[in-house]
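J.: next input, structure requested:
(one chain, ligands or ions: 2)
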Amino acid sequence: MTFISAIGSRVGEEIELKGWAYNFRSSGKIFFLQLRDGSGRVQVVYAQDALAPAHWDALRSLRIESSVIVRGTVKKDDRSPTGFELDGTSFALIQRAPEDYPIGKKEHGPDFLLDERHLWLRSERQWAIQRVRNTIINATFAYFNENGFIKFDTPILTPTSCEGTTELFEMPYFDEEQKAYLAQSGQLYLEAGIMALGRCFDFGPVFRAEKSKTRRHLAEFWMMDAEAAFVEHEGNMHIQEELILRIVKEVLEKNAYELRVLERDVEPLKKVQAPFVRLTHQEAVRQLRALGSDIGERSDLGADDETMLTEQYERPIFIEKYPAEVKAFYMKRDPSEPDRALNNDLLAPEGFGEIIGGSQREDHLETLLARIDEHRLSREPFEWYLDLRRYGSVPHSGFGYGLERIVGWICGLHHVRETIPFPRMMNRLKP
Ligand code: 4AD
Ligand code: MG
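T.: Ligands and ions are numbered 1, 2, ... in the order given. Presented below is the predicted three-dimensional model:
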């Protein structure tokens, strides 16, 4: 089977393509068919004289998004955005779509498009976004494979929370007494993984019952968690920097066409170079206040704060050492400032904000027990996690990225809802 993406090497040959008619027009005895096959788009030009009458009649009865089989001779065409065109020699319908394809050329609102998401995915922008997403996933796997990390699959049904109890999806588990929670992050399990395998990463859907309708929040999103034994705070940030550089480089190399479709200015992406900016939380607060934010000394950064800060720099920003009380129980404290965590967020430039959260983990049993108590968590469900500190505890660190946040940043999208095939948000569970 031939794909549109590969026709460049077939100039002068007659080929067959299978796909969908995303648009067409005719003028007298010429018919212009815009064909897409998933791999790309191409125009097929039919002249009535060159076509069997039955094929011409089928063409004339064509409707948007019908599935078709075409044959034609490939020629170079500099006016075409993809550089090629087909001189059509035959045409057949696989299935003729009805006349009422819901997505037309007129502007549609986001709610309408999200209701028609199963069809909206076919449009060129959505196609481009999913292809960039695919590159980001593959670059992530490539980076970890080349750096000694083992893919370790963490569970989705869990007995406890990882990131705090306010955003947990809860469900009955076989009987009325038992509850299961949908995972918010695979991190805690990954910590067990590295004590067996040294360095691990997971990649899968996670769930947050966030009652916030922001442009950055989904109820279901894809997270990559990475964890490494014998790596401390500094080393942890180095891995994050290398991973993000690798992702951006691969997208620039592999998705130039998609980024053009998205009208993404690639200059800011080219400026994503090492070293990333580094600010302590304290420095960030100082800068934010100078910029007019009313952020408190010991507060977490709000979305607006992140946006403001990233507009000051061209490179991604590490913000380190947050006040311990705004972060999770498992984070190790900074020995030189014990009321601060040895953690970092990574903010993407151009206003996009947090894409990664990470930290060194508390590896001392007694200290961790005290943290669990301070956070008013019950010890019992964490006994297995505490075992990791009882049997051969080592310094270790890790981080997690939100795939949709990275896709949104790299594609230059205002809202994360377009970055995932079927977004789940507070007010949306369909289709
Ligand atoms: O910062 P978070 O909550 O960190 C953790 O869950 C750690 N356990 C990760 C780890 O250390 N292994 O989430 C990590 C990332 C955030 O930086 C953000 O990019 C993304 O996940 N994220 C969301 N993305 C979309 N919708 C949401 N509701 C998100 N919440 C977090
Ligand atoms: Mg975070």
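J.: residues from the stretch 301-431 of the chain in reach of ligand 1?
T.: Applying Cβ under 6 Å from any ligand atom, one finds that the stretch 301-431 of the chain approaches ligand 1 through 354-358, 398-402, 404-405, 416. Bear in mind the C-beta positions are built from the backbone N, C-alpha and C, glycine included.
J.: sort out which of those residues are buried, if you could.
T.: Buried subset of those (neighbour count, 16 or more other Cβ atoms under 10 Å): 354-358, 398-402, 404-405, 416.
J.: out of those residues, name the ones that lie in helices.
T.: Taking DSSP state H, the ones among these that sit in helices are 404-405.
J.: dump the buried ones among the residues of the stretch 301-431 of the chain next to ligand 1 into JSON lines; add pLDDT as well.
T.: Conversion of these to JSON lines gives the following (pLDDT from 0 to 100):
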{"residue": "Glu354", "pLDDT": "97"}
{"residue": "Ile355", "pLDDT": "98"}
{"residue": "Ile356", "pLDDT": "98"}
{"residue": "Gly357", "pLDDT": "98"}
{"residue": "Gly358", "pLDDT": "98"}
{"residue": "Gly398", "pLDDT": "99"}
{"residue": "Phe399", "pLDDT": "99"}
{"residue": "Gly400", "pLDDT": "98"}
{"residue": "Tyr401", "pLDDT": "98"}
{"residue": "Gly402", "pLDDT": "98"}
{"residue": "Glu404", "pLDDT": "98"}
{"residue": "Arg405", "pLDDT": "98"}
{"residue": "Val416", "pLDDT": "97"}
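J.: now for the buried ones among the residues of the stretch 301-431 of the chain next to ligand 1, which pair is the farthest apart?
T.: Using Cβ to Cβ, the two most remote members of these are Gly398 and Val416, lying 22.9 Å apart.
J.: report whether the expected contact of Gly351 with Gln312 is present.
T.: No. Contact criterion Cβ atoms under 8 Å: Gly351 and Gln312 do not qualify, at 10.6 Å.
J.: how many residues are close by the nearest residue to Ile244 once chain neighbours are set aside?
T.: Nearest residue to Ile244, sequence neighbours excluded (Cβ to Cβ, 6 or more residues apart in numbering): Pro316, at 6.3 Å. Neighbourhood size, Pro316 [other Cβ atoms under 10 Å]: 25.
J.: could I get the pLDDT score of Pro316?
T.: The score at Pro316 is 98. That number is its pLDDT.
J.: my guess is it meets Ala348, correct?
T.: Yes. The pair Pro316 and Ala348 passes the contact test of Cβ under 8 Å, sitting 5.7 Å apart.
J.: who's in contact with stretch 423-431?
T.: Identification of contacts with stretch 423-431 by Cβ atoms under 8 Å, 6 or more residues apart in numbering yields 114-115, 117-118, 210-213, 217-220, 416-417, 422.
J.: pull up the distance across that stretch, start to finish.
T.: End-to-end distance for stretch 423-431, by Cα to Cα, to the nearest Å: 9 Å.
J.: picking up where we left off before, among the residues of the stretch 301-431 of the chain next to ligand 1, name the ones in strands.
T.: 354-358, 398-402 (DSSP state E).
J.: quick one: the helices in the stretch 251-400 of the chain?
T.: For the stretch 251-400 of the chain, the helices defined by DSSP state H, counting those that start in this stretch occupy 256-261, 267-270, 281-290, 303-310, 365-374, 383-390.
J.: again, but for the stretch 1-150 of the chain
T.: Counting by DSSP H, counting those that start in this stretch, the helices of the stretch 1-150 of the chain are 53-60, 110-115, 117-120, 124-146.
J.: deepest of the ones you listed, which one?
T.: Ranked by mean neighbour count, those are led by helix 124-146 with a mean of 18 (mean count of other Cβ atoms under 10 Å).
J.: give me the distance from it to the chain's centre.
T.: 8 Å (Cα atoms, centre = their mean, to the nearest Å).
J.: ok, now stretch 325-341?
T.: Its chain's C-alpha centre and that of stretch 325-341 lie 29 Å apart, by Cα atoms, centre = their mean.
J.: just the buried residues of that stretch, please?
T.: 327-334, 340-341.
J.: and for that stretch, what are the contacting residues?
T.: Under the contact criterion Cβ under 8 Å, 6+ apart, stretch 325-341 has outside partners 162-164, 187-188, 233, 281, 298-300, 321-324, 342-343, 359-363, 368, 371-372, 374-375, 377.
J.: does any part of the helix or strand that contains Val248 sit near ligand 1?
T.: Element membership of Val248 [criterion: DSSP states H and E] is helix 233-254. No. Figure legend: helix 233-254 not in contact with ligand 1 (Cβ under 6 Å from any ligand atom); closest approach 9.1 Å.
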